[in-house]
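Can you look at this prediction? I've put the sequence above it.
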Amino acid sequence: MEKTFTSKTSGGNYFEDFTIGQVLTHATPRTVTEGDVALYTALYGPRFALQSSDEFARACGYPRAPLDDMLTFHMVFGKTVPDISINAVANLGYADCKFLKPVFPGDTLSAVSEVIGLKQNSSGKNGNVFVRTTGTNQHGDVVLSYVRWVMVNKKGPASPAPDTVIPELPEAVAADDLVVPQGLDFSTYDSTLAGSDYYWDDYEVGEKINHVDAMTVEAADHMMATRLYQNTAKVHFNLHMMKDGRLGERIVYGGHVISLARGLSYNGLGNAPLIAAINAGRHVNPCIAGDTVYAWTEVLDKAELAGEDHVGALRVRLVATKDHEPADHAYKDADGKYLPSVLLDLDLWLLLPRR
Amino acid sequence: MEKTFTSKTSGGNYFEDFTIGQVLTHATPRTVTEGDVALYTALYGPRFALQSSDEFARACGYPRAPLDDMLTFHMVFGKTVPDISINAVANLGYADCKFLKPVFPGDTLSAVSEVIGLKQNSSGKNGNVFVRTTGTNQHGDVVLSYVRWVMVNKKGPASPAPDTVIPELPEAVAADDLVVPQGLDFSTYDSTLAGSDYYWDDYEVGEKINHVDAMTVEAADHMMATRLYQNTAKVHFNLHMMKDGRLGERIVYGGHVISLARGLSYNGLGNAPLIAAINAGRHVNPCIAGDTVYAWTEVLDKAELAGEDHVGALRVRLVATKDHEPADHAYKDADGKYLPSVLLDLDLWLLLPRR
Amino acid sequence: MEKTFTSKTSGGNYFEDFTIGQVLTHATPRTVTEGDVALYTALYGPRFALQSSDEFARACGYPRAPLDDMLTFHMVFGKTVPDISINAVANLGYADCKFLKPVFPGDTLSAVSEVIGLKQNSSGKNGNVFVRTTGTNQHGDVVLSYVRWVMVNKKGPASPAPDTVIPELPEAVAADDLVVPQGLDFSTYDSTLAGSDYYWDDYEVGEKINHVDAMTVEAADHMMATRLYQNTAKVHFNLHMMKDGRLGERIVYGGHVISLARGLSYNGLGNAPLIAAINAGRHVNPCIAGDTVYAWTEVLDKAELAGEDHVGALRVRLVATKDHEPADHAYKDADGKYLPSVLLDLDLWLLLPRR
């Protein structure tokens, strides 16, 4: 007897499926390994000495080289996609993202999200969902915590709108709330091996840095990355579905662009190997295979950190552009609208050694 | 003095080179590592918790996360190619493939094949070779055993035909012959972390599952995979040779399609992380870069396993299609001929936790 | 207040920046891992048993499988690019490259270069820089030492020419200077598992071997490789910059072609897993994505090694061609000019087991 398909597959959650206070335990915990680290290097070419060398890391107080913070982010983020954003129309923003503990090869990461905001849109077709996601290691320590909001489709326009709850979110993480990794010791920091002469002290608010280098994205690259993170969003993988769409191509996972920009930013920020916080982030325009990604940075703020003589925090705007050498600081037009060449507008707190 | 090329290269075996009972010890033993596992994840995006998390694996009675069974298969299969199928015209089938021991990073795999069947074809130009291949770890334990048959060219049509021997092969591995990995303990299986609510008990014979997701193949992907497995078949790698052929492209290693389909099958079979046996398998149509692979499953049979309260076996047909969303169960036409969109027809025994 | 870009980025050294005796300590030490090894296998498909199997390596006197020598080379070479060749017009040659110690996963590699030669070119626009680069492990042992010379742009034609110093370089490393890895024991070498019947004794000077197989290069492959090595030369990565150039494409890192050719050379040189020295090397024509790489070898010399009964050295010329099956020994024309199909002309000392 022929049967139709049964419903054992997950189609993910729609706007109506979310309720304030709901806790989603995401599937597939992930042990991160030296293999993941090697792939991360092969995909983005980062050159920060702290994540590249166990010896350098030990000289900075770590037991061995920690994972790049963005690799940790992607691993945690990837787990949330099937539950949170598989039916999303748009990825609207990030806020209050703090890196709380270093992650090392051998650690196992799990992710949980709590729904902290809901707002149906006026069209009645979709709504915004705000979640606080926490990534946890095998000891139960929270390694990462962030808020993300996405516009998610409704199953049907007839379903009633929930009460609107919009969480209060900081414009940026306060410098006082930044966490310096336990044991981090920059007192004997070797800037020659790190490859940059510029310490925290040497950067000025308002200063802009053109990161010079650039990287062209290939379809195989961004799909390998996104699969590595076990991120399942169809738009990244299915050319058969996407080829007749507006872009004629799969859309590159936004986090892939962040990692490319961070990798490029080494040239100019070679002593900024650690992200303490992501204050805000927008994927302004879609990136597709064949685009060449450039990056530039603006220093927004500087902060001394309580009790830390050797570490300072630098707040920066990291902008990625496509097919556009950023010597002109490509960013927004006179009306405050992003230029078409801008891919990413990311607001970060970075940690650097002090002189 | 100019000399012509010497014959120190291996051109592989031709049909005449095989004899019944011949044992071929394949070259290049292979230590599998966390690096191979990371690449496997990056290439296929599997999300089964058992292979993804050391912690989850320990809760299931393993010392750490085992390799995906198909990664083990590819590593063993790859070794056989230079000796068995480098001069093959067609890969005809698999049978009686049993996974006998889990494989972990650090294990070293070797492969040996015995010729168990020979039949010259009526054209006199080629013949079918049947081999039983066993994959062994560094302790001498057999981890994998399967029969494969291929159509191999003759060096010359004049060479005499061998006596025809066709091995008796089971249509499927009997449920009683399935091996549950030693120590496997699904008594406290965490289906939330595994990401599926469906246990062995919940599947019905005849049920069909459309795995929803899809994955487009890139040339870099399938060649990286096939090189990782040290599989040397020229048709996968040499565009210069293949570009004027029927497909105008390199052919994707059939095992790559199996792994893509298995990865996709997580959505609907999230609690089926282990393959106990491959009963039969056919690569129905060639796959090339640019094809988007979809998959669907039909439940063929269910079996309780002697002495196992917490593990049951599900026999399934896993079908992969290309550029064709399988909502219509694309498979065979009224005459029993495979539809052109079908890539793979694979018959598997899977192990799942019982309620 | 809007500011122009500051100069915290490195633009690399120009010809005027180099002085004889100058020592450059390169940035970003690198811990090599099993992840790097897996990627190397996935990128080139090498099948030498010594680097593939920990068990095979132990039977040859190693504690575990060592890195492929070319992987070590690429890791060290990559570090030198930002300081030595980011403003290079051409990579002119290698000489006196000796592999001195095996490298294992877990080792951390650093690189230092000393300027040993300078010669301004008659145009006044650029000059040749000769450096001796040494790669060192975490114990301070030199694992690799080589000379490389590149043609580097001047900042301005007006800057004065330095005194010309051209270092004396051996045409080839003398057999007496070859270093056999400490502890290497080929006395019980298993040629069946290695996959070749041919020992050092079986090769003849003048003999040529067509390596039969071939590999098509993809953009994702060569960029992943080059990023893995943290090599930053823009010409490999930036399609936006390169698409209007002569080739219309990014140029493949020359070392990628070496590794492809070495991988292919397994078929015919399966018992030559170790490179003792690179005597000379030229990247004759550029390689771009889409090219199919073939390789052939000519045996140039043979040497017994003092005190070694079980190891012998073979000096070979390894030639890589593109889109050209090398059955005709494609190499140079009647005037001694390289044929357009030739990519690479590499002169190596290899170590093989003796009968």
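Right, received. Where do you want to start?

do the longest helix along chain A and chain C meet?
Longest helix of chain A, by residue count under DSSP state H: helix A:69-84. No - judged by Cβ under 8 Å from any Cβ of the partner chain, helix A:69-84 stays clear of chain C, getting no closer than 12.0 Å. (Glycine included, C-beta is placed from N, CA and C.)

and that helix, does that touch chain B?
Yes - residues of helix A:69-84 contacting chain B under Cβ under 8 Å from any Cβ: A:Pro82.

following that helix, which helix or strand comes up?
strand A:88-99 (DSSP states H and E).

By proximity to chain C, which residue of the stretch 151-300 of chain A wins?
Closest residue of the stretch 151-300 of chain A to chain C, Cβ to the nearest Cβ: A:Gly195 (2.5 Å).

and that residue, how many neighbours does it have?
Neighbour count of A:Gly195, defined by other Cβ atoms under 10 Å in any protein chain shown: 22.

Now it. Nearest residue, chain neighbours left out?
C:Ala27 (2.5 Å; Cβ to Cβ, 6 or more residues apart in numbering or on different chains).

and if you look at A:Asp176?
A:Ala306 (7.0 Å).

any weak-confidence spans in chain A?
Along chain A, the model assigns pLDDT under 70 to residues A:1-5.

how about the helices in it?
Taking DSSP H, the helices of chain A run over residues A:34-44, A:49-52, A:54-59, A:69-84, A:191-194, A:219-228, A:239-242, A:254-265.

how close does A:Gly20 get to B:Leu305?
Check again: residue A:20 is Ile, not Gly. Separation of A:Ile20 from B:Leu305 (Cβ to Cβ, to the nearest Å) stands at 45 Å.

now A:His310
Look at A:His310 and B:Leu305: by Cβ to Cβ, they are 60 Å apart.

before we move on, what about A:His324?
Distance, A:His324 to B:Leu305, using Cβ to Cβ: 61 Å.

that older thread, let me have the helices of chain A in TSV, extended by distance to C:Asn153 and mean neighbour count.
Below are the helices of chain A laid out as TSV (distance: least, Cβ to Cβ, whole Å; neighbours: other Cβ atoms under 10 Å in any protein chain shown):
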stretch	distance to C:Asn153	mean neighbour count
helix A:34-44	28	26
helix A:49-52	28	25
helix A:54-59	31	20
helix A:69-84	34	25
helix A:191-194	25	18
helix A:219-228	30	26
helix A:239-242	41	19
helix A:254-265	22	25
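
Now do the same contact list for the spatially most central residue of chain A.
Centroid-nearest residue in chain A, with Cα atoms, centre = their mean: A:Gly255, separated by 5.0 Å. Counting by Cβ atoms under 8 Å, 6 or more residues apart in numbering or on different chains, A:Gly255 touches A:70, A:73-74, A:77, A:229, A:231.

do that again at 10 Å, thanks
Shown in contact with A:Gly255 (Cβ atoms under 10 Å, 6 or more residues apart in numbering or on different chains): A:70-71, A:73-74, A:77-78, A:91, A:222, A:225-226, A:229, A:231, A:281, A:283, A:344.

Please report the distance of A:Leu118 from A:Val89.
For A:Leu118, the distance to A:Val89 equals 15 Å [Cβ to Cβ].

Between those two, tell me which one has more neighbours.
A direct count of neighbours by other Cβ under 10 Å for A:Leu118 and A:Val89 places A:Leu118 higher, at 24 against 14.

Touching, the more buried one and A:Val165? I think so.
Yes - between A:Leu118 and A:Val165 there is a contact under Cβ atoms under 10 Å: 5.6 Å.

overlap in contacts of those two?
When contacts are counted by Cβ under 10 Å, 6+ apart, the set common to A:Leu118 and A:Val165 consists of A:20, A:130.

now stretch A:112-125, how far from the centre of its chain.
Relative to the centre of its chain, stretch A:112-125 is centred 21 Å away, using Cα atoms, centre = their mean, to the nearest Å.

about what we covered before: let me know whether the residue of the stretch 151-300 of chain A closest to chain C touches A:Ser53 as I believe.
No - under the criterion of Cβ under 10 Å, A:Gly195 is not in contact with A:Ser53, lying 11.5 Å apart.

shared neighbours of these two, anything?
With Cβ under 10 Å, 6+ apart, A:Gly195 and A:Ser53 have common neighbours C:Thr28.

okay, now A:Glu168: neighbour count?
By other Cβ under 10 Å, 7 other residues sit near A:Glu168.

Please apply the same query to A:Leu24.
For A:Leu24, the neighbour count with other Cβ under 10 Å is 21.

residues in contact with A:Val37?
By Cβ under 10 Å, 6+ apart, the contact set of A:Val37 is A:51-52, A:65-68, A:71, A:104-105, B:34-35, B:38, C:31, C:33, C:35-36.

and stretch A:152-171, anywhere near chain B?
No - residues of stretch A:152-171 are not located near chain B by Cβ under 10 Å from any Cβ of the partner chain, the shortest gap being 15.7 Å.

hey, C-alpha coordinates of that stretch in CSV?
In CSV, the C-alpha atoms belonging to stretch A:152-171 read as follows (Å, rounded to 0.1, in the frame of the first residue of the first chain):
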residue,chain,number,x,y,z
VAL,A,152,9.7,34.8,11.2
ASN,A,153,6.8,33.8,8.9
LYS,A,154,3.4,32.9,10.4
LYS,A,155,1.7,29.7,9.4
GLY,A,156,-1.5,31.6,8.7
PRO,A,157,-2.4,35.2,8.8
ALA,A,158,-5.6,34.4,10.8
SER,A,159,-3.8,33.3,13.9
PRO,A,160,-4.0,35.8,16.7
ALA,A,161,-1.2,38.2,17.4
PRO,A,162,0.5,37.7,20.8
ASP,A,163,1.0,40.5,23.2
THR,A,164,3.9,42.6,22.0
VAL,A,165,7.0,42.3,24.2
ILE,A,166,10.2,44.1,23.1
PRO,A,167,13.1,43.4,25.4
GLU,A,168,15.3,46.2,26.6
LEU,A,169,18.7,45.8,24.9
PRO,A,170,21.8,47.8,25.5
GLU,A,171,23.0,49.8,22.5
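
got the buried residues for that stretch?
Neighbour-count burial for stretch A:152-171 flags A:152-154, A:162, A:167, A:169 (criterion: 16 or more other Cβ atoms under 10 Å in any protein chain shown).

quick one, what contacts the closest residue to chain C within the stretch 1-150 of chain A?
Nearest to chain C in the stretch 1-150 of chain A, going by Cβ to the nearest Cβ, is A:Ala38, at a distance of 2.7 Å. With contacts defined as Cβ under 10 Å, 6+ apart, A:Ala38 is in contact with A:105, B:34-35, B:38-39, C:32-40, C:228.

let's see 6 Å
By Cβ atoms under 6 Å, 6 or more residues apart in numbering or on different chains, the residues touching A:Ala38 are C:33, C:35-36, C:39.

now A:Asp291
Here A:Asp291 is in contact with A:217, A:322 (Cβ under 6 Å, 6+ apart).
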